[in-house]
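Q: okay, predicted coordinates and the sequence, questions at the end:
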Amino acid sequence: MKTVAEHLKPPFVAAIMLDVIQAGRDDGPSPSDELVSIAPAQEGFLGLETTCDDQGRWVSISYWRDHTCFISWRKAGIAHVARLFYGLDLEAACKFRVSKVEEPVMPSKQFMAPERAIPNSAGAHRSGLGSKVCNAFPAIAELLGYEHAR
């Protein structure tokens with residue numbers, strides 16, 4: 001599955017936003033939900049992706065033409081969140097990490113081996129020094145492009 005970032009031509013800015021305060025199911029939208037909702041209307045907005053982390057917190061990555069556009073969105077978000085959540089400070093509700101992306105996000109070369117190196121269930125057994133080295137030193141096998149079951 002392709003991501004938004006794979007389709008963007010650098011340079012651009014990626015802003016990762018993590019929910020610190022979460023709304024319950026019946027509480028309505030969270031402050032980060034509100035920020036996400038106003039992002040598409042902001043100048044320089046390029047796209048957005050969201051997911052949940054291991055603890056169920058929402059993580060959003062928004063993409064911006066430049067740092068100035070990100071700052072404008074954040075300022076609009078400060079006012080929007082304060083108005084909707086009775087003066088809540090945006091910094092108390094969300095944490096941000098911002099990075100300028102200057103190179104393509106996905107490498108042009110695949111990192112996977114062209115074929116599997118794990119023997120099949122028919123009992124195929126490899127012999128020889130190369131096989132013994134790969135079995136003894138799985139890290140070397142991985143560097144050489146072989147998959148190794150540990």
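A: In hand now; what should we look at? Only a predicted model underlies this, so the values are computations on that prediction, with no experimental measurement involved.
Q: for the nearest residue to His67 once chain neighbours are set aside, what are its contacts?
A: Using C-beta to C-beta, 6 or more residues apart in numbering and skipping the chain neighbours, the partner closest in space to His67 is Val13 (5.4 Å). No exception for glycine: its C-beta is placed from N, CA and C like everyone else's. Contacts of Val13 were listed using C-beta atoms under 8 Å, 6 or more residues apart in numbering, and they are Tyr63, Trp64, Arg65, Asp66, His67, Cys69, Phe70, Val98, Ser99, Lys100, Val101.
Q: and the helices in this structure, which stretches?
A: Here the chain has its helices, by DSSP state H, at 4-7, 31-38, 67-84, 90-93, 129-136, 138-143.
Q: in CSV, list the ones you listed along with distance to Val59, mean neighbour count and mean pLDDT.
A: Supplementary listing: the helices of the chain in CSV, determined by distance: least, C-beta to C-beta, whole Å; neighbours: other C-beta atoms under 10 Å; pLDDT from 0 to 100:
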stretch, distance to Val59, mean neighbour count, mean pLDDT
helix 4-7, 14, 14, 82
helix 31-38, 9, 20, 90
helix 67-84, 16, 16, 94
helix 90-93, 14, 16, 86
helix 129-136, 38, 12, 50
helix 138-143, 29, 13, 50
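Q: dump those helices into CSV; add distance to Gln55 as well.
A: Rendered in CSV, the data for the helices of the chain read as follows (distance: least, C-beta to C-beta, whole Å):
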stretch, distance to Gln55
helix 4-7, 24
helix 31-38, 14
helix 67-84, 22
helix 90-93, 16
helix 129-136, 38
helix 138-143, 30
